[in-house]
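1. the following comprises the amino acid sequence and a computationally predicted model.
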Amino acid sequence: MKETFFGFYRPSNEELSELWNSGTFILDANVLLNLYRYPKEARDDLLRILKTVSNRLWVPHQAALEYQENRLSVMAEQVRRYDEVGKVLEDARRKLRAGLGHLQLKRRHSLIDADTFLERVDRVFDDFLSELETLEQEQPDVFDDDQLRDEIDSLLEGRVGSPPESQQELDKIYEDGKIRYDQKRPPGYMDEGKSDGDEREAYLYQGLYFKRKYGDLILWYEIIKEVQSREELEQIIFVTDDDKEDWWWKVKSEGWKTVGPRPELVEEISSKAGVSTFYMYNSERFMRFASDHLGVQVSAKSIDQVRVIARLRSIRRDETETTERYRKELRNVLRVSDSVDIYFSPENGTLLVKVDIGDDDTVGTFYSIAKVDSGKPVARTEPVEITAFAAPSSYWQMKIDAGYKSLPRTLADAAGDESLPIILTALRSTAEKLHADGLDGVADAIESVLAQSAA
């Protein structure tokens with residue numbers, strides 16, 4: 001049985017020991033990019049491990065290209081974090097002062113001394129902001145010398161794959177990708193919508209046209225091609241921080257558990273390239289097991305830091321995907337009729353539908369779709385009749401036209417995964433009210449969209 005279905009079997013402890021002692025380590029672009037996100041201790045620990053196996057390292061050309069393409073964006077992301085943290089702190093301080101001020105404690109309570117407390121809080125905030133400013137001065141910006149890249153360049157000298165031989169080779173991968181993605185055959189199909197609405201759906205380098213959504217498949221084909229050309233590459237460890245299901249075999253058992261690489265990947269690289277053992281690690285587990293198999297001392301703190309950052313990036317990716325679901329669902333609603341506009345108030349988190357009921361665009365009815373209250377969306381459908389409509393300046397108006405791109409960032413931040421069903425439920429109630437008001441055309445269109453969503 002195992003000989004036929006070997007992709008479903010995890011390597012034995014003896015095979016894993018041999019893999020770590022003799023195998024080739026292949027790095028994904030995200031492993032290199034995440035080095036810019038780690039604290040210094042974790043970054044140094046991971047680099048020390050990679051230097052220990054430097055004679056057995058290899059990076060596909062596609063991974064190296066993605067690293068170069070995204071390096072400055074990641075550096076800029078790290079610089080932006082200082083400003084974001086500063087704004088969060090100042091906002092927290094402002095809200096704390098406003099909240100305590102609203103209680104009017106000086107007039108209404110004889111014992112609570114809010115001023116003394118606020119003075120202590122201010123000192124803590126100011127000290128941290130001062131430290132933040134010092135750290136920001138030390139943070140490399142996009143124009144600064146990148147010492148980390150110099151270190152990576154030295155580590156990977158002569159260990160990067162060759163580019164595709166021609167555009168025809170890439171075009172063949174794209175043709176294969178269409179079929180594979182339709183079949184949900186790993187890897188890469190989770191990136192199928194990666195470039196929707198993105199002006200940079202591809203990038204050019206050395207006269208070749210690289211489509212972003214096929215990046216994982218290009219990398220996978222390159223790995224197989226490299227292994228086919230080098231007899232010594234029989235045992236492979238692929239290190240990637242891509243945690244999507246088109247790379248990893250995941251099973252739901254009291255939560256999602258990652259078993260190992262997808263069996264299809266193990267079977268494909270074995271049957272096409274003769275690999276005897278193929279296994280995968282993310283950076284956290286790579287560092288954890290390196291301590292056991294390579295004798296490299298890695299601090300538990302570094303491993304925890306790498307794990308936390310991976311988790312945070314996974315959460316941000318999930319939030320982005322949720323926002324995309326909002327956008328697709330609400331785009332459908334927005335396009336139902338020229339008589340429907342959407343408004344969003346960043347101040348109170350209310351998303352509204354305005355339905356024109358007269359010949360003049362200044363006459364209409366507001367229907368509240370959803371309200372975010374203390375971070376939780378609450379369905380609301382009470383209409384507010386108005387006779388002289390004029391959108392307040394605090395509202396973000398989204399017209400029904402081709403120029404509509406995405407939801408305001410504030411709503412995406414305020415609403416979590418659970419809010420989309422609530423919004424859809426509220427839309428159903430809104431459609432019922434529209435029917436009652438005689439606006440059957442708009443209501444029918446909304447119900448049609450909801451039916452397609454349910455399907």
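-> Good, I have the coordinates.

2. for the lengthiest helix in the chain, name the packing helices and strands.
-> In the chain, with assignment by DSSP state H, the single longest helix is helix 61-102. Counting contacts by 3 or more Cβ pairs under 8 Å, 6 or more residues apart in numbering; DSSP states H and E, helix 61-102 is packed against helix 29-34, helix 114-138, helix 215-229. For every residue, glycine as well, the C-beta is placed using N, CA and C.

3. buried sites along the second one?
-> Right, the one you point to is helix 114-138. Buried positions in helix 114-138, judged by neighbour count with 16 or more other Cβ atoms under 10 Å: 114, 121, 129, 132, 136.

4. secondary structure element holding residue 203?
-> strand 202-205 (DSSP states H and E).

5. in its sheet, what does that strand sit against?
-> strand 208-211 (antiparallel) (DSSP bridges).

6. what does the partner strand rub up against?
-> 62, 65, 163-164, 166-167, 170, 174, 195, 201-204, 218 (Cβ atoms under 8 Å, 6 or more residues apart in numbering).

7. pull it out as CSV, backbone CA atoms only.
-> Extracted in CSV, the C-alpha atoms of strand 208-211 (Å, rounded to 0.1, in the frame of the first residue of the first chain):
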residue,chain,number,x,y,z
LEU,A,208,10.1,37.8,-19.7
TYR,A,209,6.5,38.4,-18.7
PHE,A,210,5.8,36.9,-15.3
LYS,A,211,2.1,36.6,-14.2
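
8. list the buried residues in that strand.
-> 208, 210-211.

9. same list, those residues, but as CSV with pLDDT and distance to residue 32 please.
-> Compiled in CSV, the buried residues of strand 208-211 are given as follows (pLDDT from 0 to 100; distance: Cβ to Cβ, whole Å):
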residue, pLDDT, distance to residue 32
208, 93, 21
210, 94, 17
211, 93, 21
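
10. out of those residues, which comes closest to residue 282?
-> Distance to residue 282 across the buried residues of strand 208-211 (Cβ to Cβ) is lowest for residue 210, with 24.4 Å.

11. in the sheet, who's paired with the closest one?
-> Beta-bridge partners, per DSSP bridges, of residue 210: residue 203.

12. and it, how far from residue 227?
-> 21 Å (Cβ to Cβ, to the nearest Å).

13. swap in residue 155?
-> 21 Å.

14. which one's more surrounded, these two?
-> residue 227 (23 against 16; other Cβ atoms under 10 Å).

15. for the more buried one, give me its contacts.
-> By Cβ under 8 Å, 6+ apart, the contact list for residue 227 reads 233, 236, 269, 273-275.

16. cool, residue 173 as well?
-> 214, 217-218, 221.

17. on the three-state scheme, it is what?
-> Three-state call for residue 173 (DSSP: H, G, I helix; E, B strand; the rest coil): helix.
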